[in-house]
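# Build the 3D model from these lines:
(chains A and B)
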Amino acid sequence: MTVIEPHVERDHVPAPDDATTRQGRAWKNRLFKLAMLFCMFVAFGTLAVLLVDTLVTGWPALSSQLLTGLPSTVAGEAGARPAILATLYLGALVLLFSVPIGVLTAIYLEEYANRERWWNRAIEVNIQNLAAVPAIVYGILGLAFIVRGIGVGRVVLAGGLILTLVVLPTVVVASREAIRSVPDSIRQGAFALGATKWQVVWRQVLPAAIPGMATGAILALSRAVGETAPLIMVGAITYVAFNPTLMGPYTALPVQIYNWTKQPDADFQVLAAAGAVVLLVIVLSMNAVAIVLRNRYRRQW
Amino acid sequence: MEAPRIDSGRIAEVAHGLDRAEVERREKVFSVSDLSVAYHGNVALDGVDLEVHKNTVTAFIGPSGCGKSTFIRCFNRMNDLIPGAKVSGNVLYHGEDLYARDVDAVEIRRRIGMVFQKPNPFPKSIYDNVAFGPRVLGMKGSLDDRVEQALRQAALWDEVKDRLKDGALGLSGGQQQRLCIARALAVNPDVILMDEPASALDPISTTRIEDLMHELKRRYTIIIVTHNMQQAARVADMTAFFSVLVNEEGGRRHGILVEYDSTTKIFTTPSDKRTEDYVTGRFG
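Next up is the predicted model:
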């Protein structure tokens, strides 16, 4: 019979624990806590100041006129209806294009791609790099290939396509994350029942990954809705006094806000702040939906 | 400090499986010859020959790393799903080669069900868990009847009949495992493979699963991997003892089948010294 002897560190010297060192430790503890509180305040404080300042500045112009009116050279008569509508159209287009493409790409990479093949690894690295490309670069690309190349023109559809390119990597990464969080035991269990690969992915993996994918898609969408630079690049013109159509000229809310801030008349600054409040409300409520989705469908495996 | 010894005499007492002659009179379900499995070229299991007969329980026992789980996954080609896994040799299922080129692994898994070590119910309702198999296979007939029948066979019906629409993840571990058994039964399999089905369960749930196996044996052929020798003795008619062979040069190790015989024989008068050492607790 083997006798197992417990392994004991014999030359381990316990740290001195007199009153001074104990006090020192308590101090460090407090100091570190303060540093953390300060950092948190920087992040949270900035957001709070931003929100309050914008709200206070824009308050006088926050009216139904802003939501339903058309742009005007007179600040008191100007509204942002075309811009708001175009932003909603752009958001819908981004969802329409980026979700199917992003989700299918993610399914391919997670469930079908053989990591031992170089082209699959190349695609992965590529997608990660695409996520880091500045949005203005997508704008230039869109101008060259979509607006002029295919000749779509400076229309809502072109804007939607550009924004899709901007957020696609984010959607892919979030969807992959969601698919990867589905435990392998689920796939094995389904395979063991005689399900085909397609049935396993379609009936088990996807339904289990949908909450995570939806969260990622909404967060990507809220980013797209706030983008300005690529839209300016592909010609979201700033003065549109009619409701946008899919194949017609347009402006977007961030572009409209940017334009108002450039006006010399101080009343337009107020209008810009009010527009910013509207944009913030749209973005924050989308984020709220994402958070609710995530909490509601969080699973314990 | 003395290591706890397993009293093989007491294990032998609980062994009450069929005798070998009776087992071999029954129809041959699997006939394995010279089977080897390698992962990325590293041999995990080598040179296994063994036969499994209809309406019997066959147990695979052995120390960790002896390849018993690898082996059981050869019977429904679950090793196909592991990148780099290569199975060579022959597995005949009712006389047909499971690994023949024209055999579809999906088709095999419809007839050879599997229950895993950790209960893995789908994150759906109890009903949908059991109904998943019949649904993906497009089975005809009343789904409700099928679900009820499977749950009854798995001795779970009475506990869940009033909450079939509740989530399966809310069940206890033992109930989840019986649900997984019901799920496997719902597609009317011929064989059920169980890979350490009770190792994550408490003793009471374990007893229920073992009782269930005695019941299921009448209709199905069962193969079970277990690290628990008492369990093998309690449920199995035939027992295969696997061990680890350490290759002198390079220190490579792989699993081999040491002895395969009736459970009573394995636990009372094994013919191999290594088996005797293992079942008497001198090794492993």
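# Could the C-alpha coordinates of the worst-scoring helix or strand of chain A on mean pLDDT be exported in PDB?
Every helix and strand in chain A was compared by mean pLDDT, DSSP states H and E; the lowest is helix A:64-68, with a mean of 83. Provided in PDB are the C-alpha atoms of helix A:64-68 (Å, rounded to 0.1, in the frame of the first residue of the first chain):
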ATOM      1  CA  SER A  64     -43.600  68.600 -32.300                       C
ATOM      2  CA  GLN A  65     -42.300  71.100 -34.800                       C
ATOM      3  CA  LEU A  66     -38.900  69.500 -34.500                       C
ATOM      4  CA  LEU A  67     -40.200  66.000 -35.200                       C
ATOM      5  CA  THR A  68     -42.700  66.800 -37.900                       C
END
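# buried stuff in it?
A:Gln65, A:Leu66 (16 or more other CB atoms under 10 Å in any protein chain shown). No exception for glycine: its C-beta is placed from N, CA and C like everyone else's.
# What mean pLDDT does the helix or strand just after that helix get?
Downstream of helix A:64-68, the first helix or strand assigned by DSSP states H and E is helix A:81-107. Average pLDDT, helix A:81-107: 93.
# quick one: helix A:81-107 to chain centroid distance?
12 Å (CA atoms, centre = their mean, to the nearest Å).
# Flag every buried residue along it.
A:81-87, A:89-91, A:93-95, A:97-99, A:102-103, A:105-107.
# which residue packs closest to the residue in the stretch 151-284 of chain B positioned nearest to chain A, ignoring adjacent ones?
Nearest to chain A, among the residues of the stretch 151-284 of chain B, is B:Val187, at 6.1 Å (CB to the nearest CB). Spatial nearest neighbour of B:Val187, excluding adjacent residues (CB to CB, 6 or more residues apart in numbering or on different chains): B:Gly133 at 3.9 Å.
# Return the residues in contact with that neighbour.
A:Leu193, A:Gly194, A:Ala195, B:Met139, B:Arg183, B:Ala184, B:Ala186, B:Val187 (CB atoms under 8 Å, 6 or more residues apart in numbering or on different chains).
# For burial, what's the neighbour tally of residue 177?
Just going to use chain A. 16 (other CB atoms under 10 Å in any protein chain shown).
# meant chain B actually
Residues near B:Gln177, counting by other CB under 10 Å: 30.
# what does the stretch 51-200 of chain B have sitting close to chain A?
B:76, B:78, B:81, B:83, B:106-107, B:109-111, B:113-114, B:116, B:118, B:120-124, B:132-133, B:136-137, B:169, B:180, B:183-184, B:187 (CB under 8 Å from any CB of the partner chain).
# which of those are buried?
B:76, B:78, B:81, B:106, B:109-110, B:113-114, B:116, B:118, B:120-124, B:132-133, B:136-137, B:169, B:180, B:183-184, B:187.
# show me where the stretch 101-250 of chain B has helices.
B:105-111, B:126-137, B:143-153, B:157-160, B:173-185, B:203-216, B:229-235 (DSSP state H, counting those that start in this stretch).
# For the shortest one, buried residues please.
In other words, helix B:157-160. In helix B:157-160, counting by 16+ other CB under 10 Å, buried: B:Trp157, B:Glu159, B:Val160.
# on contacts alone, who are the packing partners of the helix ranked longest in chain A?
When chain A is parsed with DSSP state H, its longest helix is helix A:19-58. Applying 3 or more CB pairs under 8 Å, 6 or more residues apart in numbering or on different chains; DSSP states H and E, we find helix A:19-58 packed against helix A:266-296.
# Pull out the buried positions in the helix it packs on.
For helix A:266-296, by 16+ other CB under 10 Å, it's A:268-280, A:282-283, A:286, A:289-290, A:293-294.
# Just list what that helix packs against, helices and strands only.
So helix A:266-296, by 3+ CB pairs under 8 Å, 6+ apart, packs with helix A:19-58, helix A:64-68, helix A:81-107, helix A:206-226, helix A:253-262.
# is it possible to export those to TSV including distance to B:Thr206?
Below are the helices and strands packed on helix A:266-296 laid out as TSV (distance: least, CB to CB, whole Å):
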stretch	distance to B:Thr206
helix A:19-58	48
helix A:64-68	66
helix A:81-107	38
helix A:206-226	29
helix A:253-262	63
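# Nearest to B:Ile209, out of those?
Of all the helices and strands packed on helix A:266-296, helix A:206-226 sits nearest to B:Ile209, with 26.3 Å by CB to CB.
# can you give me the angle the closest one makes with helix A:253-262?
20 degrees (axes from the mean of the first three to the mean of the last three CA atoms, to 10 degrees).
# I would like the residues contacting the helix or strand following helix A:206-226, please.
Downstream of helix A:206-226, the next assigned helix or strand under DSSP H and E is helix A:229-233. Applying CB under 8 Å, 6+ apart, the external contacts of helix A:229-233 come out as A:134-136, A:138-140, A:142-143, A:159, A:162-163, A:166, A:252, A:254-255, A:258.
# Which one (most neighbours) among those?
Compared across the contacts of helix A:229-233, A:Gly159 has the highest neighbour count, 34 neighbours, by other CB under 10 Å.
# dump the residue contacts of it.
Taking CB under 8 Å, 6+ apart as the test, what A:Gly159 contacts is A:Ala86, A:Leu90, A:Leu93, A:Leu231, A:Val234, A:Ala236, A:Tyr250, A:Ala252.
# give me the number of residues near the residue nearest to B:Asn129 when sequence neighbours are not counted?
Leaving aside its sequence neighbours, B:Asn129 sits nearest to B:Ala168 (CB to CB, 6+ apart; 4.8 Å). Residues near B:Ala168, counting by other CB under 10 Å, number 23.
# what's the spacing between B:Ala168 and B:Ala182?
B:Ala168 sits 10 Å away from B:Ala182, going by CB to CB, to the nearest Å.
# residues shared between the contacts of the two?
Counting by CB under 8 Å, 6+ apart, the residues touching both B:Ala168 and B:Ala182 are B:Asn129.
# was I right about A:Gly76 contacting A:Asp265?
No. At 9.9 Å, A:Gly76 does not count as touching A:Asp265 under the criterion of CB atoms under 8 Å.
# Compare these two (neighbour count), which wins?
The neighbour count for A:Gly76 versus A:Asp265, taken as other CB under 10 Å, is higher for A:Asp265 (13 against 10).
# quick one, phi psi at that one?
With angles defined as degrees, to the nearest 10, A:Asp265 sits at phi -60, psi 120.
# So it is in contact with A:Ala75, correct?
Yes. Counting by CB under 8 Å, A:Asp265 does reach A:Ala75; the two are 5.4 Å apart.
# Quick check: pLDDT value at B:Val14.
Among the per-residue scores, B:Val14 shows a pLDDT of 68.
# For B:Ile256, pull up the helix or strand it's in.
Counting by DSSP H and E, B:Ile256 is found in strand B:253-262.
# who's in contact with that strand?
Contacts for strand B:253-262 (CB under 8 Å, 6+ apart): B:17-20, B:23, B:42-50, B:62, B:65-68, B:70-71, B:237-247, B:266, B:270-272, B:274-275.
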